[in-house]
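**Q** here's a sequence, model it:
(2 chains)
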There are 2 protein chains.
Amino acid sequence: MPRVVDHGLRRDEIARALWRIAAAEGLEAVSLARVAQEAGVSKGRVQHYFASRDELLDFAAQQLRLRVDERVRARMATAAPSSPLEEVRVLLGALLPLDDEARADARVGSAFLIRSLGDERLRETYRAGDRLLHDAVADRLAAARDRGELAALDPDREAVVLLALAGGLAESVLLGGTDGAGALAVLDHQLGRLRP
Amino acid sequence: MPRVVDHGLRRDEIARALWRIAAAEGLEAVSLARVAQEAGVSKGRVQHYFASRDELLDFAAQQLRLRVDERVRARMATAAPSSPLEEVRVLLGALLPLDDEARADARVGSAFLIRSLGDERLRETYRAGDRLLHDAVADRLAAARDRGELAALDPDREAVVLLALAGGLAESVLLGGTDGAGALAVLDHQLGRLRP
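**A** Numbering: from 1, shown residues only, chains lettered A, B, ... in the order given. So this is what the prediction gives:
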């Protein structure tokens, strides 16, 4: 076997190892040594890509945003929504932790949320992501209203309500207070209320 | 000065020190040594009350639930709501991190939420608290409906919507995506929708 190393791959393997630890035990458990052990490489190898624990965590935070974007895109492609209102439904559903992968991401996301409370730069990264989601939902609500799928409404205000609702439901699903079907039914109930 | 120690007080002082650390830096930063330093006592003194870091964190989790209950009760007493619908409004508002104390509690609460994801016992403590809140909101919605303050509605379903919404808004306030007044306006908007 050639001894050429695919650096992108190694970095990804290390990131995935971090993910497994963070999802199971929280960011508290993440250290360079622990991630090296989980990935089956030396601590020096981890340090080759990430000089410090903070760098490792920053990389993981960026990965998380990409993973959520990717999941929304994939669900949109699979569900092939036939109207702006259906698109809103699929988009909000993609924010719920409905499978193991999304559940792991949501756990890691909650851990980063805490971390961001003491870190203005990370908080701004969060808010920027939230603004993109907000605009995606508000634009589709406006389009649905203009097509007569929805009653007269303020798209910005209803986007705030729907995204906060999805966020609260996601937490409830994680805690086991409701299941995925129950959370989707609540979102449908709220969307139904916006119909003409 | 007599050398009699008020044990409840000492325990409270230690819990408050833990609180300050957890709110500023997260649970990651909490250790027996660090809490002792923050409280200005010896590590042995902390261990006199809490045998381990886990015991300290369990105590803090119970304190958190009591603090939230106490805040809801205090807001209810101050606002003196004149109808079941007003009571719902005050109750939901008390769940938002609108002052420094509530903000610190919400930060600590988020940290415990993460911790609870890997701990079924703690998760059940959370769910039990959530069920009490749910019943408090649902009962008042039913009363408001029966008095004609609200339209015909399913109190359980609307309680789920309102509490998830308040949870999502609380997170948004913590992140600085919205402020307290904005979050209260969103809750009022949703409540207004339930009127006859």
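**Q** A:Gly177: what secondary structure?
**A** Using DSSP: H, G, I helix; E, B strand; the rest coil as the criterion, the local structure at A:Gly177 reads coil.
**Q** looks like it contacts B:Leu133 (just checking).
**A** No: the criterion here is CB atoms under 8 Å, and A:Gly177 misses it with B:Leu133 at 10.6 Å. Where you see a C-beta, it was placed from the backbone N, CA and C, and this is true even at glycine.
**Q** quick one: low-confidence parts of chain A?
**A** A:1-9 (pLDDT under 70).
**Q** for it, which residues are neighbours of chain B?
**A** Residues of chain A lying near chain B by CB under 8 Å from any CB of the partner chain: A:24-28, A:107, A:110-111, A:113-118, A:123, A:126-127, A:130, A:157, A:160-161, A:163-169, A:171-172, A:174-178, A:186, A:189-190, A:193.
**Q** among the residues you listed, which lie within helices?
**A** When DSSP state H defines the helices, the subset of the residues of chain A next to chain B inside them is A:24-25, A:107, A:110-111, A:113-117, A:123, A:126-127, A:130, A:157, A:160-161, A:163-169, A:171-172, A:174-175, A:186, A:189-190.
**Q** select only the buried ones of those residues in PyMOL?
**A** What follows is the PyMOL syntax selecting those of these that are buried according to 16 or more other CB atoms under 10 Å in any protein chain shown:
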select buried, chain A and resi 25+107+110+111+113+114+115+116+117+123+126+127+130+160+161+163+164+165+166+167+168+169+171+172+174+175+186+190
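**Q** can you pull out the strands in chain A?
**A** In chain A, no segments count as strands under DSSP state E.
**Q** now the residue nearest the centre of it. Nearest residue, chain neighbours left out?
**A** The C-alpha lying nearest the average C-alpha coordinate of chain A belongs to A:Val68 (CA atoms, centre = their mean; 3.7 Å). Here the nearest residue to A:Val68 in space, its sequence neighbours aside, is A:Asp105; by CB to CB, 6 or more residues apart in numbering or on different chains that works out to 6.7 Å.
**Q** ok, how many other residues are close to that neighbour?
**A** 20 (other CB atoms under 10 Å in any protein chain shown).
**Q** need the contact list for A:Leu150.
**A** By CB atoms under 8 Å, 6 or more residues apart in numbering or on different chains, the residues touching A:Leu150 are A:85, A:141, A:144, A:194-196.
**Q** any idea how far it is from A:Ala144?
**A** Taking CB to CB, to the nearest Å as the measure, A:Leu150 falls 4 Å from A:Ala144.
**Q** which of the contacts of A:Leu150 has the largest number of neighbours?
**A** Tallying neighbours with other CB under 10 Å puts A:Leu141 at the head of these, with 26 neighbours.
**Q** does that one touch A:Leu91 like I think?
**A** No: if you go by CB under 8 Å, A:Leu141 and A:Leu91 don't touch, sitting 10.7 Å apart.
**Q** what's the domain layout of chain A?
**A** With domains defined by automatic domain parsing, chain A comprises A:1-51, A:58-192.
**Q** looking at those, which is buried most?
**A** Greatest average neighbour count among those goes to domain A:58-192 (a mean of 18), per mean count of other CB atoms under 10 Å in any protein chain shown.
**Q** okay, how far is it across that domain, tip to tip?
**A** Start to finish, the residues bounding domain A:58-192 are 39 Å apart (CA to CA, to the nearest Å).
**Q** distance between it and the chain's centre?
**A** A distance of 8 Å separates the centroid of the chain from that of domain A:58-192, by CA atoms, centre = their mean, to the nearest Å.
**Q** ok, now which ones touch the nearest residue to A:Arg140 once chain neighbours are set aside?
**A** Nearest residue to A:Arg140 in three dimensions, chain neighbours excluded: A:Pro84, at 4.2 Å (CB to CB, 6+ apart). When contacts are counted by CB under 8 Å, 6+ apart, A:Pro84 touches A:140-141, A:143-144, A:147, A:149.
**Q** take these and write them to TSV, including distance to B:Arg53.
**A** Putting the contacts of A:Pro84 into TSV (distance: CB to CB, whole Å) gives the following:
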residue	distance to B:Arg53
A:Arg140	47
A:Leu141	47
A:Ala143	52
A:Ala144	51
A:Arg147	57
A:Glu149	54
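**Q** quick check, nearest of those to A:Phe50?
**A** Nearest to A:Phe50, judged by CB to CB, of the contacts of A:Pro84 is A:Arg140 at 38.1 Å.
**Q** surely that closest one touches A:Leu91?
**A** Yes: at 7.4 Å, A:Arg140 counts as touching A:Leu91 under the criterion of CB under 8 Å.
**Q** separation between the spatially closest residue to A:Gln63 that is not a sequence neighbour and A:Val46?
**A** By the measure of CB to CB, 6+ apart, the closest residue to A:Gln63 outside its immediate chain neighbours is A:Ala15, 5.6 Å from it. From A:Ala15 over to A:Val46 the distance is 11 Å, taken as CB to CB.
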